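>>> no FASTA, just this:
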């Protein structure tokens, strides 16, 4: 099974940092668990991008267990671009320009 290179959009990186900081302020363990869960999901995306449902015409969604932050990504021939890691209920549509 081959994997594709993962790239993370600049705004998605900022979202990850923000989420991590939010959890870290409340619990270091929760922040660590968030990063571990995110890493597992990114590995799944890299190896099996087509196994995830479409969020829109070109964007797929990977739901994280225990955290309300789906990973939104686009698959290209040479790589996968993570476009958002945004709260599922807050600020709907804030990343529409990336998806």
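Okay, I see it. Bear in mind the structure is a predicted one, so any value in this text is a computation, not a measurement.
>>> quick one: buried residues of the longest helix along the chain?
In the chain, with assignment by DSSP state H, the single longest helix is helix 28-47. Neighbour counts over helix 28-47 (16 or more other CB atoms under 10 Å) mark 30, 31, 34, 37, 38, 41, 42, 45, 46 as buried. C-betas here are computed from N, CA, C, even on glycine.
>>> Which of those residues sits closest to residue 5?
residue 46 (7.8 Å; CB to CB).
>>> If I look at that closest one, what pLDDT would I see?
Per-residue pLDDT puts residue 46 at 96.
>>> Equivalent analysis for residue 1, please.
63.
>>> I'd like the distance between residue 3 and residue 79.
Using CB to CB, to the nearest Å, one obtains 10 Å as the distance from residue 3 to residue 79.
>>> can you check residue 54 too?
Counting by CB to CB, the gap from residue 54 to residue 79 is 18 Å.
>>> higher neighbour count, these two?
residue 79 (12 against 9; other CB atoms under 10 Å).
>>> Setting aside sequence-adjacent positions, which residue approaches the more buried one most closely?
Spatial nearest neighbour of residue 79, chain neighbours left out: residue 5 (4.3 Å); criterion: CB to CB, 6 or more residues apart in numbering.
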